[in-house]
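Participant: next one to model:
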Amino acid sequence: MGSKLQNTQLGTSPLGYALGAEIEGLDISLNLGSQIYEAINHIWQEHHVVVFRGKHLQPRDIVFFAEGFGDLDDHASTPFYRHPDVPQLLQITNRLIDGKPSETRNTGRNWHSDYSYTGRPAAASLLYCNQCPPVGGDTMFANMVRAYESLSGTMKGIVDNLHAVYDVSLTAGINERDASKTAEVRRLNPPIAHPAVRVHPRSGKRALYVSERVSHFHGMTRAESKPLIEFLCCHATQPENVYRHNWREGDLVCWDNRTVMHIALADFDQNQPRHMLRATILGEDSGFVVRDE
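Facilitator: Alright, predicted model coming up:
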C-alpha cells in the first residue's frame, strides 16, 4: 500500500459497467493529505460512485474524512433527523428513536438527488453502513451523465433550456412522518427550480438533473410536464445505466449528486435493523424559489 500512496495511484476495482468503483487498501481514518484526496476525486469523477469496504468508523471519523472534500451541510433543511451529537451527520435508520419509529426509516424510496429541493443541492453524499439486514436493503444508482449523453440532439436542445421545479412534498414516505415536523420541512424548503441539465464544476461533464421529485418544469403546466418527467426518469434508470449496491456493514459509499441519482429499496425485512449515517457535501448556490405556479 505504501508505494500506491506515494505515487497517489490508488487500487480500484470497477463495480458496474455504467458507474461505481471500489477503492482498496486505504485507511480513511487517517489524515490523508491533499494528494490522496485529489486522487480519490479523480476516481470519483470517472466512476461517479466510489465505495470503501470493511471500515470501522465512528461518527467523528466519517466527518473528518468527508471534510476533505468540501464544506459539510449541517442538515438544517431537515433538522429533525440529525445525529444527536454530530449535526453534520444525518441518521437514516429504522431503529426506534425515543421509543418511536424513526422518521427516516423509509427515506429515499423514489429516484432522487440529495437536497435537490434546497437552494444548495448536495454536491456529494457519503453514507456509512453501521448495520444492514442480512438480505436486501440495497441502493441503486443511475449515471445521469450517460442519461444526458444518450438523449437525441433534439431532446438535448429541449432539456438544455428547462428548469426543473423540485418539491419536498414529493419525497416518498414523507406523509408517513410526524405531521408537525413535515410541515416545518415544507416551510423551510419551498418549491425551487434548478437547471434540468447541470455542468459539473470540476469535470465539465453535462448531466441530466431531473428526478421523481420534480413536480413540473418552470413555465410549463404540470400536465405538460408530466410525460416528459416520466420519460426522462425512465430513460435515466434503464438497467444498463444503473449500479445496484449490496450493502455490507462497514461500507462507506460516496456518490456525486450532480451526476448521479439514487433510490433506496425496501426489499428487506423491516424488523431487521438498517442503520446508516450520512455526511453531505454542500453544493453550489443554485436555483430560484417558485411560488404560485
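Participant: can you count the residues close to Arg258?
Facilitator: Burial measure for Arg258: 25 neighbouring residues, criterion other C-beta atoms under 10 Å. For the C-beta atoms, the positions are set from N, CA and C on the backbone; glycine is no exception.
Participant: surely it touches Val197?
Facilitator: No - with contact defined as C-beta atoms under 8 Å, Arg258 does not count as touching Val197 (10.8 Å).
Participant: ok, Glu149 to Gln238 distance?
Facilitator: 13 Å (C-beta to C-beta, to the nearest Å).
Participant: for the chain, what are the low-confidence residue spans?
Facilitator: Within the chain, the ranges that satisfy pLDDT under 70 run 1-8.
Participant: list the contacts of Arg53.
Facilitator: 22, 248, 250-251 (C-beta atoms under 8 Å, 6 or more residues apart in numbering).
Participant: quick check: PyMOL command selecting the buried ones in those.
Facilitator: Applying 16 or more other C-beta atoms under 10 Å to those, the buried members can be selected in PyMOL as follows:
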select buried, resi 22+251
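Participant: make TSV out of the contacts of Arg53 and add distance to Arg186.
Facilitator: Output for those, formatted as TSV (distance: C-beta to C-beta, whole Å):
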residue	distance to Arg186
Glu22	38
Arg248	35
Gly250	36
Asp251	32
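Participant: now the contacts of Arg53 in JSON lines, with distance to Ser102 and secondary structure?
Facilitator: As requested, the contacts of Arg53 are exported to JSON lines (distance: C-beta to C-beta, whole Å; DSSP: H, G, I helix; E, B strand; the rest coil):
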{"residue": "Glu22", "distance to Ser102": "29", "secondary structure": "strand"}
{"residue": "Arg248", "distance to Ser102": "21", "secondary structure": "coil"}
{"residue": "Gly250", "distance to Ser102": "21", "secondary structure": "coil"}
{"residue": "Asp251", "distance to Ser102": "20", "secondary structure": "coil"}
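Participant: identify the farthest-apart pair in the contacts of Arg53.
Facilitator: Glu22 and Gly250 (12.6 Å; C-beta to C-beta).
Participant: what sits against Val51?
Facilitator: 15, 20-23, 245, 251-254.
Participant: distance check, the residue lying closest to Gly119 once chain neighbours are set aside against Ser169.
Facilitator: Closest residue in space to Gly119, ignoring its immediate chain neighbours: Gly287 at 5.9 Å, by C-beta to C-beta, 6 or more residues apart in numbering. Distance, Gly287 to Ser169, using C-beta to C-beta: 17 Å.
Participant: I'd assumed Val63 was in contact with Asp85.
Facilitator: No - with contact defined as C-beta under 8 Å, Asp85 does not reach Val63; the gap is 10.8 Å.
Participant: neighbour count winner among these two?
Facilitator: Val63 (19 against 8).
Participant: does that one sit in a helix, a strand or a coil?
Facilitator: Under DSSP: H, G, I helix; E, B strand; the rest coil, the three-state class of Val63 is helix.
Participant: and it, what does it touch?
Facilitator: 72, 86, 88-89, 279.
Participant: including distance to Tyr37, could these go into a markdown table?
Facilitator: Formatted as a markdown table, the contacts of Val63 follow (distance: C-beta to C-beta, whole Å):
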| residue | distance to Tyr37 |
| --- | --- |
| Leu72 | 14 |
| Val86 | 21 |
| Gln88 | 18 |
| Leu89 | 20 |
| Ala279 | 14 |
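Participant: farthest-apart pair in these, please.
Facilitator: Leu72 and Val86 (10.1 Å).
Participant: what about the strands in the stretch 1-150 of the chain?
Facilitator: All strands of the stretch 1-150 of the chain, identified by DSSP state E, counting those that start in this stretch, fall at 11-14, 21-24, 49-52, 89-93, 124-131, 139-143.
Participant: flag every buried residue along stretch 178-186.
Facilitator: So, applying 16+ other C-beta under 10 Å, buried residues of stretch 178-186: 182, 185-186.
Participant: next, give phi and psi for the residue nearest to Asp114 when sequence neighbours are not counted.
Facilitator: Spatial nearest neighbour of Asp114, chain neighbours left out: Ala122 (4.0 Å); criterion: C-beta to C-beta, 6+ apart. For Ala122, the backbone dihedrals (degrees, to the nearest 10) come out as phi -60, psi 130.
Participant: Lys226 should be in a helix, yeah?
Facilitator: Yes - under three-state DSSP, Lys226 falls within a helix.
Participant: ok, it - contacts?
Facilitator: Here Lys226 is in contact with His216 (C-beta under 8 Å, 6+ apart).
Participant: could you check how far it is from Ser215?
Facilitator: Applying C-beta to C-beta to Lys226 and Ser215 gives a distance of 9 Å.
Participant: repeat for Asn110
Facilitator: 13 Å.
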